[in-house]
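Trainee: need coordinates for the following:
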Amino acid sequence: MIFGNKTEVLEVLKAGRLVSETDCRTAVLLAALEQNLSESEKALFTAVAALVSSAVSNGNICLSGDDIGEFIRNNAETVKFFRDIDFGNVKAVLKKSSCCTEDPGNELRPLVLMNDRIYFYKYWLYENRFARKMVEISEDPGRYSGSSGKIGEIFAGLFDAGNFEQRSAAENAVKHRFSLITGGPGSGKTTIVAKILVGIYALFPEERIMLAAPTGKASARMTEALKSALEKIRKLPYVSDSGILDRIGALEGTTIHRMLEWKAGGFSRNRKNPLAADLVIVDEAGMLDAALFTSLLDALGKETSLVLLGDKDQLASVGAGNVLSDICSAAEKNLLPPEIMAKLEKSYRFDTGSGIGKLAKAVNLQKNAGEIIEICKNETDCGWTEIKNGKVPESIITDAAKRYAFLSDRESSPEEILKKINDFKILCPSKEGACGVAELNGKIEAALGKNSGSRLYDGMPVMVTKNDYANNLMNGDCGVILERNGRMSAYFMIDNSVKPFSVSSLGTFETVYAMTVHKSQGSEYSSVLIVLPETEMTVLTKEILYTAVTRARNEVVIAAKESILEYTLKKSAARNSGFVEALEKIGKNDKK
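Mentor: Residues are numbered from 1 along each chain as shown. Take a look at the predicted model:
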């Protein structure tokens, strides 16, 4: 069968925006290594390699045969060389290829064909190491199981008698070496952690405990949230009459990269040099990609316990993989012990009468656009603005400018301004387009009279875009540039105190009247305006809308074209993974 020329194949795929330039380069490199295929077969191989690269770029661990079949069907009319082929042809070429193996345990080749899934070798390796380690630690009772009865007695004084859901989650965490607590915003995950720590420190006062999160911003919020939870429970038994409060209060969240001691070339903490910790607690686990989580698992000591916290309904990681969702699916299918997972259903932030709560639930259930708009129009803490002609209404820009006017108030102190900075935030799925972050930031600046061409100005809200360890500022931290006493300085709130920085000492940062939903993960705002793009984009999914809605505490408004809202609600960010199959294979092998 003739498939065409590999260069022409890539040009057609790239012209149709089906793959990127980077995907094409990867495919060309692999094709250059190929030894067994004819030129026409190599064309199909090259196209598949580019599609695998594109799948990984979009967060998938692998490319499934079903997805290739659907891709071919959807593009057969416009991409001629797909008209007479199917996944059977693809498999035949991959089986013949010198660059692909079906036996990755014994053959090291760039591509892996396994269970009708195509992987880059390193992602197949991540997935299988992840699966093997999860089986190992989830079946291990862990260091606290022998004392779980005594810790349970302590929990009896920490949890209300009727709060079975939270107490059960805490008890799971001490009965198993690995546990997962998943729940939406305000479901009490951090309060549970605080009480778990009380129970453990009461019996094991010298325990080595580490708190971590995937990003600096998330780790800082983890520390703040834990301290806030401690204030609420400080008068409870075992907390007020001992040094436990001080021990927990001394814990500081860090990034997983910092905890694993990242250096050029890899992590210093690994299987040969494990973490010096008895318990590791990781927040915002939904942001974990397969590579980072595998590295974390590899760095656990033989007796180190691990607790993951996260919301399985939020956006998945930026990198490839969907760790939290994979673990939840495996536990639900009994491929991992189901008792390792605790689901928190009750929200303490949104009561039954909360419009935001109703809206979040409706988005998560993928209700239609009409139902979502109806909630927005009828609930006092929600709102709806229709976008017409692909442009954000001027009323939105005018209102945003009024809300942000306080930033230039010379009479207000930096502390007063920073306390207001999270009262309102505009969230967009994309940076690009007429309804994207860049355009909105520019329009709001113009409405505030700040478009003088100057790079910096008084009252400029900024967000750090790269971890700045020298200044202890993390990717996603938001502050403001203010002119005081004739000098421009950047002010940030760190550990509940305002710290000024020389603007020249800052790393990379950007203006942040509006920000992407991805950057908002782990944050809360009093009021949120969600602006969806004017056209359909791959980034638009129900998960991105759910994440945006649940950033709001008191008010949320959606600005969108109804058809774009409908498109967003219908799409889900489900990712390709062979994690379940890997667990099934491990289970079969273990029974032999």
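
Trainee: tell me the centre residue of this structure?
Mentor: By C-alpha atoms, centre = their mean, the chain has its centre lying nearest to Met287, at 2.8 Å.

Trainee: which non-adjacent residue is nearest that one?
Mentor: Pro214 (4.1 Å; C-beta to C-beta, 6 or more residues apart in numbering). For glycine as for every other residue, the C-beta is placed from the backbone atoms N, C-alpha and C.

Trainee: roughly how far does that neighbour sit from Ala285?
Mentor: Counting by C-beta to C-beta, to the nearest Å, the separation of Pro214 from Ala285 is 8 Å.

Trainee: more neighbours: which of the two?
Mentor: Pro214 (28 against 23; other C-beta atoms under 10 Å).

Trainee: end to end on stretch 460-474, go ahead and measure it.
Mentor: Start-to-end span of stretch 460-474 (C-alpha to C-alpha, to the nearest Å) is 18 Å.

Trainee: low pLDDT regions in the protein?
Mentor: Along the chain, segments meeting pLDDT under 70 span 1-6, 76, 241, 351-352, 451-454, 495-496, 587-592.

Trainee: SS state for the nearest residue to Asp289 once chain neighbours are set aside?
Mentor: Nearest non-adjacent residue to Asp289, counting by C-beta to C-beta, 6+ apart: Gly319, 3.0 Å away. Gly319 carries the three-state label coil when classified by DSSP: H, G, I helix; E, B strand; the rest coil.

Trainee: surely Gly319 and Phe293 touch.
Mentor: No. Applying C-beta atoms under 8 Å as the test, Gly319 and Phe293 come out as separate, 9.7 Å apart.

Trainee: helices along the stretch 51-200 of the chain, start to end?
Mentor: 65-75, 87-96, 121-138, 148-158, 164-175, 189-203 (DSSP state H, counting those that start in this stretch).

Trainee: turn these into CSV, including mean neighbour count and distance to Ile327.
Mentor: Conversion of the helices of the stretch 51-200 of the chain to CSV gives the following (neighbours: other C-beta atoms under 10 Å; distance: least, C-beta to C-beta, whole Å):
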stretch, mean neighbour count, distance to Ile327
helix 65-75, 16, 22
helix 87-96, 18, 29
helix 121-138, 20, 7
helix 148-158, 17, 22
helix 164-175, 22, 14
helix 189-203, 24, 15
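
Trainee: JSON lines for those helices, including distance to Asp381?
Mentor: JSON lines is the format used below for those (distance: least, C-beta to C-beta, whole Å):
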{"stretch": "helix 65-75", "distance to Asp381": "39"}
{"stretch": "helix 87-96", "distance to Asp381": "48"}
{"stretch": "helix 121-138", "distance to Asp381": "40"}
{"stretch": "helix 148-158", "distance to Asp381": "32"}
{"stretch": "helix 164-175", "distance to Asp381": "25"}
{"stretch": "helix 189-203", "distance to Asp381": "23"}
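
Trainee: closest one to Leu300 among those?
Mentor: helix 121-138 (7.1 Å; C-beta to C-beta).

Trainee: contact partners of that closest one?
Mentor: 56, 61-62, 104, 108-112, 114, 119, 176-178, 290-291, 293-294, 297-298, 300, 306, 320-321, 323, 327, 330, 336-337, 340, 577-579, 582-583, 586-587, 590 (C-beta atoms under 8 Å, 6 or more residues apart in numbering).

Trainee: swap in 7 Å and give it another go.
Mentor: 56, 61-62, 104, 108-112, 114, 177-178, 290-291, 293-294, 297, 306, 320, 327, 336-337, 340, 577-579, 582-583, 586 (C-beta atoms under 7 Å, 6 or more residues apart in numbering).

Trainee: now swap in stretch 226-245 and tell me
Mentor: Against stretch 226-245 from outside (C-beta under 7 Å, 6+ apart): 154, 157-158, 190-191, 193-195, 198, 201-202, 248-249, 251.

Trainee: which pair in those spans the largest distance?
Mentor: The farthest-apart pair in the contacts of stretch 226-245, when distances are taken by C-beta to C-beta, is Gly157 and Leu251, at 21.5 Å.

Trainee: related to what we said a few turns ago, what subset of the contacts of helix 121-138 is buried?
Mentor: If you count burial by 16 or more other C-beta atoms under 10 Å, the buried members of the contacts of helix 121-138 come out as 56, 61-62, 104, 109-112, 114, 177-178, 290-291, 293-294, 297, 306, 320, 327, 336-337, 340, 577-579, 582-583, 586.

Trainee: of these, which belong to strands?
Mentor: 111-112, 114, 178, 306 (DSSP state E).

Trainee: quick one, what contacts Ser317?
Mentor: Per C-beta under 7 Å, 6+ apart, neighbours of Ser317: 59, 287-289.

Trainee: of those residues, which is the nearest to Thr398?
Mentor: Of those, the one sitting nearest to Thr398 (C-beta to C-beta) turns out to be Met287, at 34.7 Å.

Trainee: was I right about that closest one contacting Gln521?
Mentor: Yes. Contact status for Met287 versus Gln521: in contact at 6.4 Å, counting by C-beta atoms under 7 Å.

Trainee: about what we covered before: would you confirm that the residue nearest to Asp289 contacts Ala291?
Mentor: Yes. The criterion here is C-beta under 7 Å, and Gly319 meets it with Ala291 at 6.2 Å.

Trainee: how about the strands in the stretch 401-550 of the chain?
Mentor: Under the criterion DSSP state E, counting those that start in this stretch, the stretch 401-550 of the chain carries strands at the ranges 424-428, 460-464, 478-484, 487-494, 497-502, 509-511, 514-516, 525-531.

Trainee: sheet partners, orientation included, of the first one?
Mentor: Paired neighbours of strand 424-428 in the sheet (DSSP bridges): strand 514-516 (parallel), strand 525-531 (parallel).

Trainee: for burial, what's the neighbour tally of Leu288?
Mentor: 25.

Trainee: so what touches stretch 567-582?
Mentor: 55, 59-64, 67, 114-115, 117, 127-128, 130-131, 315-316, 322, 326, 329-330, 333, 335, 363, 366-369, 372, 532, 536, 540-543, 545.

Trainee: just the buried ones from the residues you listed?
Mentor: Buried among the contacts of stretch 567-582 (16+ other C-beta under 10 Å): 55, 59-64, 67, 114, 117, 127-128, 130-131, 315-316, 322, 326, 329-330, 335, 363, 366-367, 369, 372, 532, 540-543, 545.

Trainee: state the distance from Glu483 to Phe492.
Mentor: Counting by C-beta to C-beta - Glu483 and Phe492 are separated by 16 Å.

Trainee: please apply the same query to Cys376.
Mentor: Counting by C-beta to C-beta, the gap from Cys376 to Phe492 is 34 Å.

Trainee: end-to-end on stretch 534-541?
Mentor: Termini of stretch 534-541 sit 14 Å apart (C-alpha to C-alpha).

Trainee: for it, what is the distance to the chain centroid?
Mentor: 18 Å (C-alpha atoms, centre = their mean, to the nearest Å).

Trainee: contact partners of that stretch?
Mentor: 387, 390, 429-430, 433-435, 532, 561, 564, 567-568, 571-573.
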